[in-house]
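Participant: Build me a structure from this.
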Amino acid sequence: MLTDTQIRNARSSGTPFKLFDARGLYLHVMPNGGRYWRFKYRFCGKEKVLALGVYPDVPLARARTRHQAAREMLAQGSDPAAAKRTTATTFESAARAWYRHWMIGRNARHATYVLRRLEADVFPQIGARPLSELSASTFREVVQKIERRGAVDIAKRVLQTCGQVMRHAVAHDLVSRNPVGEIKPSDVLQPRKRRNYPRVGVGELPDLLRAIDGYVGGEHTRLALQLMSLTFVRTSELIGARWSEFDFDELRWDIPAERMKMRTPHVVPLSTQAKAVLEKLKAISFDRELVFPGDVNPAKPMSNNTLLFALYRMGYRSRMTGHGFRGVASTILHEQGWPHEHIELQLAHQARNAVSAAYNHALYLEPRARMMQAWADHLDKLRQQKTGESCRLAA
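Facilitator: Residues are numbered from 1 along each chain as shown. Prediction:
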């Protein structure tokens, strides 16, 4: 018979092992520190194993109680594993059990995002349904609904999370199979066409930032490149900026729908560094409406090629474009653990319909403002780095 002291001190040195109690009850000790209660029995001539919980959530006394209940079921001629599978465990209850197990040791910001995504997009559709009723088509319908609003990347991540939930349910005998494991995102979601823009690697970013700061061409051009690195908006959105779009008191830049690719309004929270760049631009604006007027005709914005040719002159021909700042920012922010949804909203990637546009353009504005300030602070640190130093600083 096991004792609590034996169980508490049970540690695997690299190979799983079992600590037996009595009549088929044992504790399975894993190298990763997990300790799982199991009941080994025979039913209709076949050897089976029933999961009874995870220690220490299920202590020894409770494991023995569950073990005795399973033995009584066997004595009545019923298979306890089959009875457990037929219990109407819902997807939401299974998902929350998986989440409690999965979140241990995870980045808190990322873990919160994963749970919020389940609560927003999955639980309202299938959360109350028993696991035994769920099929591959169930999850296909869930992620295709997300895809229809233009959030393809989120749809893929939701499908991955649902697969983890169902796999956890299989491991704990809540269901016999994982229907998500039989499909891939490409089976149910449309491929997303991507255009690849040249961009520097993360390790080259410090040199690029210093090259921009030292650019000896036009003042508007240098400041435009600095502002682009801080806000990572599209080039057309940057050069068409008007002073009426900026609110320095609220530290935000409201880009109207007609200037956005998705034809919905977009809010860019301004860091203190971005505000400083804009104040320098304001000082040389001479009361013009445009932030970046053209050299030939100040009534029209500067050309797209103005920024591109400036990068050429700095030695970045075929290595960097204005659009490349978006890709670099996305890569680093994801590596730092910022929520995928916040990054995608800041990049204005989501296709948003007219009904949701007025709401979504300002979604998560406060955490996005924190992210943009952290990004600006990160760029300041990069300027102090030498070539080749790591750019992965904590958010």
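
Participant: Helix, strand, or coil at Lys40?
Facilitator: Following DSSP: H, G, I helix; E, B strand; the rest coil, Lys40 is assigned to strand.

Participant: beta partners of it?
Facilitator: The partner list for Lys40 in beta bridges (DSSP bridges) reads Val49.

Participant: give me every residue that touches it.
Facilitator: Gly24, Tyr26, Glu47, Lys48, Val49 (Cβ atoms under 8 Å, 6 or more residues apart in numbering). The way it works is simple: take the backbone N, C-alpha and C, and place the C-beta from them, glycine included.

Participant: can you give me the strands in the chain?
Facilitator: Here the chain has its strands, by DSSP state E, at 17-20, 25-29, 35-43, 46-55, 246-247, 252-255, 266-269.

Participant: possible to save those strands as CSV with distance to Val114 and mean pLDDT?
Facilitator: Formatted as CSV, those follow (distance: least, Cβ to Cβ, whole Å; pLDDT from 0 to 100):
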stretch, distance to Val114, mean pLDDT
strand 17-20, 33, 92
strand 25-29, 27, 92
strand 35-43, 23, 92
strand 46-55, 20, 87
strand 246-247, 33, 96
strand 252-255, 28, 96
strand 266-269, 24, 94
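
Participant: can you redo these as CSV with distance to Gly337?
Facilitator: Converted to CSV, the strands of the chain look like this (distance: least, Cβ to Cβ, whole Å):
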stretch, distance to Gly337
strand 17-20, 35
strand 25-29, 32
strand 35-43, 29
strand 46-55, 27
strand 246-247, 29
strand 252-255, 24
strand 266-269, 19
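
Participant: To Arg370, which of these lies closest?
Facilitator: strand 266-269 (8.4 Å; Cβ to Cβ).

Participant: which helices and strands sit right next to the closest one?
Facilitator: Applying 3 or more Cβ pairs under 8 Å, 6 or more residues apart in numbering; DSSP states H and E, one finds that strand 266-269 makes contact with strand 252-255, helix 365-383.

Participant: Output it as PDB, nothing but the C-alphas.
Facilitator: The C-alpha trace of strand 266-269 is given here as PDB (Å, rounded to 0.1, in the frame of the first residue of the first chain):
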ATOM      1  CA  HIS A 266      -7.400  52.300 -38.200                       C
ATOM      2  CA  VAL A 267      -6.000  53.600 -35.000                       C
ATOM      3  CA  VAL A 268      -2.200  53.800 -34.500                       C
ATOM      4  CA  PRO A 269      -1.300  54.400 -30.800                       C
END
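
Participant: And for it, what's in contact with it?
Facilitator: 231, 233, 237, 251-255, 260, 346, 348, 361-362, 365, 368-369, 371-373.

Participant: Check the gap between the residue nearest to Phe248 when sequence neighbours are not counted and Leu159 for me.
Facilitator: With Cβ to Cβ, 6 or more residues apart in numbering as the criterion, Phe248 has its nearest non-adjacent residue at 6.2 Å, and that residue is Lys275. In this view, Lys275 and Leu159 are 40 Å apart by Cβ to Cβ, to the nearest Å.

Participant: These two: who's more crowded?
Facilitator: For Lys275 versus Leu159, neighbours defined as other Cβ atoms under 10 Å are more numerous around Leu159 (23 against 15).

Participant: Just the pLDDT at that one, thanks.
Facilitator: Per-residue pLDDT puts Leu159 at 94.

Participant: which residues does the most centrally placed residue in the chain contact?
Facilitator: Geometric centre of the chain, nearest residue: His340, 3.3 Å, by Cα atoms, centre = their mean. For His340, the contact set (Cβ under 8 Å, 6+ apart) comprises Tyr113, Asp153, Ile154, Arg157, His334.

Participant: how much space is there between the closest residue to the third one other than its chain neighbours and Lys156?
Facilitator: Closest residue to Ile154 apart from its sequence neighbours, by Cβ to Cβ, 6+ apart: Ile146 at 5.7 Å. Between Ile146 and Lys156 the distance, using Cβ to Cβ, works out to 9 Å.

Participant: The two - which one has more neighbours?
Facilitator: Legend: neighbour count by other Cβ under 10 Å for Ile146 and Lys156, higher for Ile146 (23 against 19).
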